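Asks: curious how this folds, go ahead:
(chains A, B, C and D)
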Number of protein chains: 2
Amino acid sequence: MAKRVTAEDVARSAGVSKWTVIRAFTPGASIAEKSRLRVLEAAESLNYRPNLLARSLATNLTHQVAILVDDFKNPHKLPVLEILTWQLQSEGLLTVLININEHFDHVQALLDAGQRQVDAIILFGTAFRPEMLEDDRIQGGAPLYVLARDSQIPNVPAITCDTPLAMRELCEYFYSKGYRRPAFLSGAKTLSTALGRRRAFNAFWEAHGAKSVLGVSAASYSSGHGFEAARILFQETPREQWPDLLMCENDALAFGAIDYVRSTLKLRIPDDIAIAGFDNTPLAASPAYDLTTYEQPAIEMVTAILSMILGREPRENKAFRGKLISRSTA
Amino acid sequence: MAKRVTAEDVARSAGVSKWTVIRAFTPGASIAEKSRLRVLEAAESLNYRPNLLARSLATNLTHQVAILVDDFKNPHKLPVLEILTWQLQSEGLLTVLININEHFDHVQALLDAGQRQVDAIILFGTAFRPEMLEDDRIQGGAPLYVLARDSQIPNVPAITCDTPLAMRELCEYFYSKGYRRPAFLSGAKTLSTALGRRRAFNAFWEAHGAKSVLGVSAASYSSGHGFEAARILFQETPREQWPDLLMCENDALAFGAIDYVRSTLKLRIPDDIAIAGFDNTPLAASPAYDLTTYEQPAIEMVTAILSMILGREPRENKAFRGKLISRSTA
DNA sequence: TTTACGGTTGCTACCGGTAGCAAAATCTAT
DNA sequence: ATAGATTTTGCTACCGGTAGCAACCGTAAA
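Replies: Numbering: from 1, shown residues only, chains lettered A, B, ... in the order given. Just a heads-up that it's a prediction; the model follows:
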């Protein structure tokens, strides 16, 4: 592997000092046009590009942002990752994707990112225990942000979809269609409460005089577990109390629930029962499901987080209004 | 923001020189057990962690690998990203995820990654023009790898699923089921040829005496375009020549094709026509599709790329055998 | 001709580590 | 106790940039 070209090499070739070379690459630096061109030419012929690692060490800015993800099963992650990477890149920031799982926990990941001196850390929809973020070793590191769940932790802003509003929109829609026997199918416990969807759902129906709101919990946010949870719900509920509306905490769970209701129960959707999801994943639009769901305002959310990272806006919780996607399952 | 703790600070607090502190953090370094413990204690109380940026600058190793992705629409990307990030992390490497699109092209991304001194670059299923990689500015940078498509470029190893073998397995399966009028639905041109699936498919049927193999191309690898391409195929083909087998280049296309065939043509699958996909995305298993497909050996592929990055194995093309997933659509 | 001034250039010090040599400290054998 | 071997420690130089001061330059005003 050939030795890397440094500013020093270019300087020698252009007959100036290395600082003049640096200036040629620093926008707005004080340098004579004549020498700037000479340097640029020499740099071009030597194929020189400034070493961002060295720059980062000196400026204490890496222009790297770590994204922590713990659930790659949720297809909703992919489109958001696309928006995230793209918007970050537009501002000259690069994305460091960190996979959190039972072998590499949050604290570990956070410390790791910290050692790499990233400029910010985004916890993207991960199921962490809030206490964790108060760890001494984490305070004092890169600024933290929480994307797509709430945070409650001072100094860790959460950027979310406005869940109470979203649920109100959905429920008012269901209500106007005449559904009156609601049930909620939620996902993994730890994250579920942080999402607040069930809470908002229940609140609506209690305020609208529903005697009770059925509920069931899936082991994880996957279609398979959605199927399983739906099975439990219907098997453990007497037929005459079966819901006519099943709100699922996300699309994946809804797909599973639809599969169960259609294939095993042979119920008609939306006549016998309405089913809705959340996230508007690509598949929700497919004719096989054609799922009524709710789209999170991903672009606004990412834009907001970016403004905070860049210091253009104060670091504080923000919730954005999403969009009800009305299709044929409800 | 508090000043960062450096080895120097720890040294002062422990009453040794900064080099002794460094040694305490360097596995296998020559240091007395007594002073190692003293340093570790001081480091602990000051909450010191070595600065990996500075280390990278000095060692010329960042322990970062760039992954270039240009198609976030394909849900297959997510599980592979999970495997990639996880395996890289297990070896102490971090993933830099770079989004390639019309505004930020391959050359730009490659140069960007190069400036950041990443240890390796993986082109993950991206649709690049091979000439591009021969750009002077790119040669001499970090070692390149191509994942999940072929490469043809000397010194840029491609790690793939063994496509000819996969197609043979699939076709033999179809053949044994009695299907004899094959058609192929392919995706975006640039990538399609690099995948080689159509080629292998055609080769089989020509060898097995099929008069002709119908073919149609979708604008991109999405369900929507799959639907559209299926429409074109069936509308432009006289009814008596309709295929009884439609092999789609990936699952997303297959979902679209199934939707079209079911909802518009009202054909029965697999009785009137068999449809198969490729990749075994999570949704292929759902009862709504229950798609026969082929699973790429993602873990083996990632493991192979990792061994090459770590220098444990020579850099060379590798193809692995995947697995036929037989479900109800074929 | 001298002086003042703004643009330009070079310099030192520094970011926080690593590499490897040389001196110091400790241990072992005589 | 002492020489010799070995471990431990401190040091200089370096990775490739940045920051900001000081000197230099040519030119225009005095």
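Asks: how about the helices in chain A?
Replies: A:7-14, A:18-24, A:33-46, A:52-59, A:77-90, A:106-115, A:163-176, A:189-195, A:197-207, A:223-236, A:251-263, A:298-309 (DSSP state H).
Asks: would you list those in a markdown table and tack on mean neighbour count, distance to residue B:89 and mean pLDDT?
Replies: (C-beta placed from N, C-alpha, C; glycine too.) As requested, the helices of chain A are exported to a markdown table (neighbours: other Cβ atoms under 10 Å in any protein chain shown; distance: least, Cβ to Cβ, whole Å; pLDDT from 0 to 100):
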| stretch | mean neighbour count | distance to residue B:89 | mean pLDDT |
| --- | --- | --- | --- |
| helix A:7-14 | 19 | 33 | 94 |
| helix A:18-24 | 19 | 35 | 95 |
| helix A:33-46 | 15 | 36 | 94 |
| helix A:52-59 | 16 | 20 | 96 |
| helix A:77-90 | 21 | 17 | 96 |
| helix A:106-115 | 19 | 8 | 89 |
| helix A:163-176 | 18 | 32 | 97 |
| helix A:189-195 | 17 | 22 | 81 |
| helix A:197-207 | 18 | 31 | 96 |
| helix A:223-236 | 20 | 26 | 95 |
| helix A:251-263 | 25 | 25 | 94 |
| helix A:298-309 | 19 | 23 | 98 |
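Asks: now tabulate those in JSON lines and tack on distance to chain B.
Replies: Output for the helices of chain A, formatted as JSON lines (distance: least, Cβ to the nearest Cβ, whole Å):
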{"stretch": "helix A:7-14", "distance to chain B": "13"}
{"stretch": "helix A:18-24", "distance to chain B": "14"}
{"stretch": "helix A:33-46", "distance to chain B": "10"}
{"stretch": "helix A:52-59", "distance to chain B": "5"}
{"stretch": "helix A:77-90", "distance to chain B": "4"}
{"stretch": "helix A:106-115", "distance to chain B": "5"}
{"stretch": "helix A:163-176", "distance to chain B": "22"}
{"stretch": "helix A:189-195", "distance to chain B": "17"}
{"stretch": "helix A:197-207", "distance to chain B": "22"}
{"stretch": "helix A:223-236", "distance to chain B": "6"}
{"stretch": "helix A:251-263", "distance to chain B": "4"}
{"stretch": "helix A:298-309", "distance to chain B": "12"}
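Asks: residue B:122: which of the ones you listed is closest?
Replies: Distance to residue B:122, taken as Cβ to Cβ, is lowest for helix A:77-90 among these, at 14.8 Å.
Asks: ok now that closest one, how far from the chain's centre?
Replies: Offset of helix A:77-90 from its chain centre (Cα atoms, centre = their mean, to the nearest Å): 9 Å.
Asks: just want the angle from that helix to helix B:106-115.
Replies: 70 degrees (axes from the mean of the first three to the mean of the last three Cα atoms, to 10 degrees).
Asks: take the helices of chain A and lay them out in CSV including distance to residue B:122.
Replies: CSV is the format used below for the helices of chain A (distance: least, Cβ to Cβ, whole Å):
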stretch, distance to residue B:122
helix A:7-14, 29
helix A:18-24, 32
helix A:33-46, 28
helix A:52-59, 19
helix A:77-90, 15
helix A:106-115, 20
helix A:163-176, 37
helix A:189-195, 30
helix A:197-207, 37
helix A:223-236, 29
helix A:251-263, 28
helix A:298-309, 24
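Asks: can you put these in a markdown table and add distance to DNA strand C?
Replies: Shown next, in a markdown table, are the helices of chain A (distance: least, Cβ to the nearest atom of the strand, whole Å):
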| stretch | distance to DNA strand C |
| --- | --- |
| helix A:7-14 | 7 |
| helix A:18-24 | 4 |
| helix A:33-46 | 4 |
| helix A:52-59 | 4 |
| helix A:77-90 | 24 |
| helix A:106-115 | 9 |
| helix A:163-176 | 41 |
| helix A:189-195 | 34 |
| helix A:197-207 | 43 |
| helix A:223-236 | 44 |
| helix A:251-263 | 43 |
| helix A:298-309 | 21 |
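Asks: which among the ones you listed is found nearest to residue B:179?
Replies: Closest to residue B:179 of the helices of chain A is helix A:251-263 (Cβ to Cβ; 26.0 Å).
Asks: by contact count, what packs against that closest one?
Replies: strand A:182-186, helix A:223-236, strand A:245-248, strand A:274-276 (3 or more Cβ pairs under 8 Å, 6 or more residues apart in numbering or on different chains; DSSP states H and E).
Asks: again, only using 6 Å
Replies: Helix A:251-263 is packed against helix A:223-236, strand A:245-248, strand A:274-276, with contacts defined by 3 or more Cβ pairs under 6 Å, 6 or more residues apart in numbering or on different chains; DSSP states H and E.
Asks: what angle separates the first one from strand A:182-186?
Replies: In terms of direction (the same axes, to 10 degrees), helix A:223-236 departs from strand A:182-186 by 140 degrees.
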